[in-house]
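Next input, structure requested:
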Amino acid sequence: MRDFHDRRPATATEYRALGVAAVIAALTFLRVALPLGAGLFLGALVAFTLRPLYEKLVSWTRRPALAGVACAALAWLFVAGGVGGLLALLIDRGAALSQQMPAALSQGGPVDQSATEASAKLSDYGIHSAAIDNHLHHGVEELEAYAAGLLGKAATTLFGFMLTLFFMVITTYFVLRHWARLTHWAEALLPLRPRHTRKLIRELRSLGREAMLGTLLLGLVQGGLAGIGYAVAGAPQPAFFGAMTAVASALPALGTFLVWAPIGAYLIGSGHTVAGVLELVWGFFVVVTLSDGFIRPKVVGRHSKMGMLSTLIGLFGGLELFGFIGLLLGPTLVGVALAVLRLYAWERAAQRREASRREVTP
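Purely as a prediction, here's the structure:
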């Protein structure tokens, strides 16, 4: 009877059967792990990001397990404090804002007064106060309904966030401690040449680090800077809109502009011209120019591995398919897919060059 100590190679039939069993096993594992996919994926990205720190800690302490625990704890503090705090701000301050909006936008409120003053100036162009009031209050009703639904959905995600955080910490530790073994398994299991597998793994690590730093870390930085500007300018609920800016920063180029520009325009329209101009200047020169021009290249690199179109496809496609985690998962998957296509194109070109060389060589 054969066992694991039998060194005889498998027959062709046995090898095919084992291959089918391996595919079934992989699909089964993926299906069971799918509900936990957000935590597992986020933990892998955190591990890719913290790999240099982990290696330094190992060289200092000579204790890989302790270095892994330290990095996992750091990941927990960052995500629980940063992302968790961001989510709490969106829920708490968003609820407060939704309660303040009816009073501010009701008849006689500050926004209604500003709209009345603006409509008086625009009456010469055929735009009358009644039309403005109608559109304003209709928009308020839609915004209140949307905000209520959004806050309800955010509240129901708290348990899922805690579960994701738990598996993220475990995955971070496992990937850091057993990266060499995981790489060896990938080289043995994937139907690719080992050098191709290693190249794709390096690409995955680089893309994961770029997604983590460029999306989460830069989002928190831009949200904090924007929140300071909102507070100084006297905008309502600066913490909430700072959190909204952090979320919007995931969109390249015009992401944060969609938040700080309307707030600046609102301040100017409500009679706070100096504060509104200050907010617009702060948003352009600090939130956008400083963050994207100086901070992002320091933490991510001067040149992204993905172009603007590929990034947008990854962001919006990932958001549609996977929800909020798709802001990280989508660009990473698109980046890996493009890396596979580049690798295939390179290999095809190499084969053609080799074939041409053989035809020329007598």
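
Quick check: phi and psi at the nearest residue to T245 once chain neighbours are set aside.
Leaving aside its sequence neighbours, T245 sits nearest to A226 (CB to CB, 6 or more residues apart in numbering; 3.9 Å). Glycine gets a C-beta too; all of them are placed from N, C-alpha and C. Backbone geometry at A226, expressed as degrees, to the nearest 10, gives phi -70, psi -40.

isn't A226 right up against G242?
Yes. Between A226 and G242 there is a contact under CB atoms under 8 Å: 5.1 Å.

The residue nearest to T245: how many residues sit nearby?
31 (other CB atoms under 10 Å).

Can you give me the distance of it to L312?
22 Å (CB to CB, to the nearest Å).

again, but for M168
M168 sits 26 Å away from L312 when distances are taken as CB to CB.

got it, and R353?
Per CB to CB, R353 is found 35 Å from L312.

neighbour count winner among those two?
Between R353 and L312, L312 has the larger neighbour count (other CB under 10 Å), namely 17 against 10.

pLDDT wise, what is that one at?
In the prediction, the pLDDT value recorded for L312 is 76.

Surely H272 and G234 touch.
Yes. Using CB under 8 Å, H272 is in contact with G234, at 6.6 Å.

Which one of the two is surrounded by more residues?
H272 (18 against 14).

List the residues that contact the more buried one.
233-234 (CB atoms under 8 Å, 6 or more residues apart in numbering).

Just want the phi and psi numbers for it.
phi -100, psi 70.

Ok, L190 next?
Torsion angles at L190 (phi, psi; degrees, to the nearest 10) stand at phi -70, psi 140.

What residues of stretch 45-64 count as buried?
Neighbour counts using 16 or more other CB atoms under 10 Å place 45-51, 54, 57-58 of stretch 45-64 among the buried residues.

and it, average pLDDT?
90.

From the chain's centroid, how far away is it?
23 Å (CA atoms, centre = their mean, to the nearest Å).

please begin residue numbering at 36 from this point
Okay, residue one is now 36; in that scheme the one you just asked about reads as stretch 80-99.

okay but F292 is in contact with T324, surely?
No. Look at F292 against T324 with CB under 8 Å: they stay out of range, at 11.8 Å.

out of those two, which sits in the busier spot?
Each of F292 and T324 has its neighbours counted (other CB under 10 Å); F292 has more, 16 against 11.

so who does that one touch?
Neighbouring residues of F292 by CB under 8 Å, 6+ apart: 318, 323.

Model confidence score at it, please.
85.

G299: neighbour count?
So G299, with other CB under 10 Å, has 25 neighbours.

How far off centre is stretch 304-320?
29 Å.

Next: stretch 238-245.
For stretch 238-245, the distance to the chain centre is 13 Å (CA atoms, centre = their mean).

Any buried residues in that stretch, and which?
By 16+ other CB under 10 Å, the buried positions in stretch 238-245 come out as 238-240, 242-245.

Quick one: the residues you listed as JSON lines, columns for pLDDT, secondary structure and distance to G254 too.
Putting the buried residues of stretch 238-245 into JSON lines (pLDDT from 0 to 100; DSSP: H, G, I helix; E, B strand; the rest coil; distance: CB to CB, whole Å) gives the following:
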{"residue": "E238", "pLDDT": "83", "secondary structure": "helix", "distance to G254": "23"}
{"residue": "L239", "pLDDT": "83", "secondary structure": "helix", "distance to G254": "22"}
{"residue": "R240", "pLDDT": "85", "secondary structure": "helix", "distance to G254": "21"}
{"residue": "L242", "pLDDT": "81", "secondary structure": "helix", "distance to G254": "17"}
{"residue": "G243", "pLDDT": "81", "secondary structure": "helix", "distance to G254": "16"}
{"residue": "R244", "pLDDT": "81", "secondary structure": "helix", "distance to G254": "15"}
{"residue": "E245", "pLDDT": "78", "secondary structure": "helix", "distance to G254": "13"}
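
Need these in TSV (columns: distance to T232).
Output for the buried residues of stretch 238-245, formatted as TSV (distance: CB to CB, whole Å):
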residue	distance to T232
E238	11
L239	10
R240	13
L242	16
G243	16
R244	19
E245	20
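
Just name the closest of those to L368, please.
L242 (9.1 Å; CB to CB).

Spatially, what comes nearest to that closest one if we skip its sequence neighbours?
G370 is the one closest to L242 (CB to CB, 6+ apart), at 4.0 Å.

neighbours around that neighbour, how many?
Using other CB under 10 Å, G370 has 23 neighbouring residues.

Report the rounded mean pLDDT for the helix or strand where it lies.
G370 is located in helix 361-395, with elements delineated by DSSP states H and E. Here helix 361-395 scores 80 as its mean pLDDT.

so how far is it from its chain's centroid?
26 Å.

Show me what it is packed up against.
Counting contacts by 3 or more CB pairs under 8 Å, 6 or more residues apart in numbering; DSSP states H and E, helix 361-395 is packed against helix 72-96, helix 229-246, helix 343-357.

Now distance to G116 too, for those, in a markdown table please.
Listed next are these as a markdown table, based on distance: least, CB to CB, whole Å:
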| stretch | distance to G116 |
| --- | --- |
| helix 72-96 | 14 |
| helix 229-246 | 20 |
| helix 343-357 | 24 |
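
And for L255, the neighbour number?
20.

One more: T346?
Neighbourhood size, T346 [other CB under 10 Å]: 22.
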